[in-house]
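Participant: need coordinates for the below:
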Amino acid sequence: MPITAVIGVHWGDEGKGKVIDYLVEKGYDAVARFNGGPNAGHTIYPNGQKVVLHVVPSGISYPHVTNIIGNGVALDPQLLLGELTDVRNAGADLLNLYISDRCKVITPYHKEAEKQSPINRKIGTTGKGMGSVYSSHTARITPLLSDFLRSHEHVTALLRELDEELGVSEKLRAEGHDALDASKIADDYRRMIDQFSNNVTDTTYKISNMLRAGSKIIAEGAQASLLDKDHGTYPFVTSSNSFAGGISPGLGVPPNTITETVGVMKAGYITRVGGGPFPTELGNEATLKEEEAAIKANGKIKRDSTYFRDLESAAKKGYLLPKEMGQYLRIVGDEFGSTTKRPRRTGWPDLVATQYSDMLNGFTCLALTKLDVTDFVPEIPVCTGYKKDGQVFKNFDPMYLGDYTADSGLIIPGWMKDTSEIKEFEHLPEEARRLVEFWERIAPVRLISNGPGRGQTIFRE
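Facilitator: Just a heads-up that it's a prediction; the model follows:
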């Protein structure tokens with residue numbers, strides 16, 4: 001009864017969508033999403049066409065693959081319908097999509113509650129209602145998908161209870177705004193959900209039957225391990241369990257069905273979105289805000305611009321300041337949120353954080369992505385410990401990570417060659433192979449992505 005877990009090693013955006021899209025061709029029968037919601041985006045390129053998936057599993061472009069949205073996922077029906085339209089336009093068949101009737105449903109009350117919350121502004125959430133929907137689910141007041149398939153009166157009553165518990169309309173009225181209309185929301189949501197109600201089922205039994213039949217299933221995670229609500233950099237975390245331990249409750253499967261855990265991480269750098277400590281960060285919050293403001297005013301910097309060419313030339317010579325190197329990696333790696341479009345924070349690799357993530361997940365192998373992004377970086381400093389008060393620490397402390405600075409105890413030389421068209425590991429430059437072999441102290445590296453396309457992947461048996 002094999003399940004292969006595909007898990008982000010660090011703070012997300014590692015390229016899990018492409019890895020899953022590639023692995024499916026290796027003989028998997030299903031891809032099942034077990035957590036998260038529309039605040040996460042996985043990007044795939046079926047037939048060379050870019051498609052950003054938020055809750056639809058990354059195996060959707062394969063007609064023979066069953067795609068399952070598990071009960072651990074939070075759905076926004078309006079956003080899901082838009083995503084299903086994108087998927088159809090890319091030529092995918094939705095007959096192989098199954099949605100759990102126990103998915104949590106994000107309502108206008110959840111979104112408004114998140115807007116009203118000071119802590120969400122501090123953390124830097126996406127404003128999609130994720131934190132509110134998960135917290136109200138724990139309080140046993142979030143409507144589930146199956147609720148919206150019942151009577152209008154039933155749904156309206158649930159929404160009013162939710163409103164009373166969250167105090168949303170009360171706050172709106174106090175500020176001089178109209179209260180939300182539970183009856184209208186119930187009607188609107190029913191109309192939207194009716195458009196995909198044929199895909200709604202009990203996915204727990206669906207997965208169990210597939211496992212009994214010997215099917216091979218990929219469990220797809222959203223966000224990543226260091227954003228886990230219990231083991232990540234709290235309170236700068238997501239609202240679900242995003243490491244491999246979240247698969248059992250998120251899909252309703254026994255832990256012993258998970259036989260392989262693939263850790264997905266960027267080969268030569270890491271990224272983070274939103275607030276929270278980041279010891280190896282290149283730049284800081286102020287420099288990123290300056291860059292974000294410039295992007296809003298002038299648009300993203302293009303690769304063919306004079307500014308980027310100058311930046312690239314200085315990067316190759318090792319002349320860039322940390323914030324400039326962070327910007328360079330951001331542009332080359334297209335490190336802008338697939339959902340929010342926010343520029344991602346960039347930093348050098350962190351061995352301590354990677355070892356901690358491995359301790360949580362028990363990786364059986366690694367998939368390294370975006371190797372090509374550091375093709376023309378003269379050297380890659382690797383954090384091998386954290387410094388505080390003149391001492392170096394080797395443990396990852398998620399609660400006090402902001403008190404430490406990175407100790408770059410290892411410098412891996414760059415290879416200064418284009419790797420984007422290389423198909424075999426042996427043909428990579430020696431220094432690039434050295435970086436890959438360095439990460440094998442964590443787990444064997446089975447897959448190396450050296451570009452966004454399906455064909456830009458090196459697979460090692």
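Participant: so who does the residue most central in space within the chain touch?
Facilitator: Among the residues of the chain, Gln223 comes closest to the average C-alpha position under CA atoms, centre = their mean, at 3.2 Å. By CB atoms under 8 Å, 6 or more residues apart in numbering, Gln223 lies in contact with Gly8, Trp11, Gly12, Asn35, Gly36, Ala40, Thr238, Ser240, Ser242. Using the backbone N, CA and C atoms, a C-beta is placed for each residue, glycine as well.
Participant: how about TSV for those residues, with pLDDT, secondary structure and distance to Asp403 added?
Facilitator: Formatted as TSV, the contacts of Gln223 follow (pLDDT from 0 to 100; DSSP: H, G, I helix; E, B strand; the rest coil; distance: CB to CB, whole Å):
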residue	pLDDT	secondary structure	distance to Asp403
Gly8	96	strand	24
Trp11	94	coil	18
Gly12	88	coil	23
Asn35	93	coil	29
Gly36	88	coil	29
Ala40	61	coil	29
Thr238	88	coil	22
Ser240	90	coil	27
Ser242	93	coil	24
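Participant: Thr261: which of these is nearest?
Facilitator: Within those, proximity to Thr261 (CB to CB) peaks at Gly8, which comes in at 11.6 Å.
Participant: before we move on, the earlier item: that's a helix at the residue nearest to the centre of the chain, yeah?
Facilitator: No: with DSSP: H, G, I helix; E, B strand; the rest coil as the criterion, Gln223 is coil rather than part of a helix.
Participant: ok, now how distant is it from Ile20?
Facilitator: 15 Å (CB to CB, to the nearest Å).
Participant: how about Phe34?
Facilitator: Distance, Phe34 to Ile20, by CB to CB: 12 Å.
Participant: between the two, who's got more neighbours?
Facilitator: For Phe34 versus Ile20, neighbours defined as other CB atoms under 10 Å are more numerous around Phe34 (30 against 27).
Participant: run a quick neighbour tally on the closest residue to that one other than its chain neighbours.
Facilitator: Excluding the flanking residues, the one nearest Phe34 by CB to CB, 6 or more residues apart in numbering is Gly250, at 3.1 Å. Using other CB under 10 Å, Gly250 has 24 neighbouring residues.
Participant: contacts only, for Gly250.
Facilitator: Phe34, Asn35, Gly70, Asn71, Gly72, Val73, Ala219, Ser240, Asn241.
Participant: which residues in the stretch 351-461 of the chain form helices?
Facilitator: Taking DSSP state H, counting those that start in this stretch to define them, one finds helices in the stretch 351-461 of the chain at 351-361, 430-439.
Participant: list the helices and strands the first one packs on?
Facilitator: It refers to helix 351-361. strand 258-266 (3 or more CB pairs under 8 Å, 6 or more residues apart in numbering; DSSP states H and E).
Participant: and if we set it to 10 Å?
Facilitator: strand 3-8, strand 258-266, strand 379-382, strand 385-388, strand 405-407, helix 430-439 (3 or more CB pairs under 10 Å, 6 or more residues apart in numbering; DSSP states H and E).
Participant: and the next element down the chain from the first one?
Facilitator: On the C-terminal side of strand 3-8, the nearest following helix or strand under DSSP states H and E is helix 16-23.
Participant: among the contacts of Gly250, who's most crowded?
Facilitator: With neighbours defined as other CB under 10 Å, the most crowded of the contacts of Gly250 is Ala219; it has 32 neighbours.
Participant: residues contacting that residue?
Facilitator: Counting by CB atoms under 10 Å, 6 or more residues apart in numbering, Ala219 touches 3-7, 20, 30-35, 57, 68, 70, 207, 244, 246-248, 250-251, 253, 257-258, 260-262.
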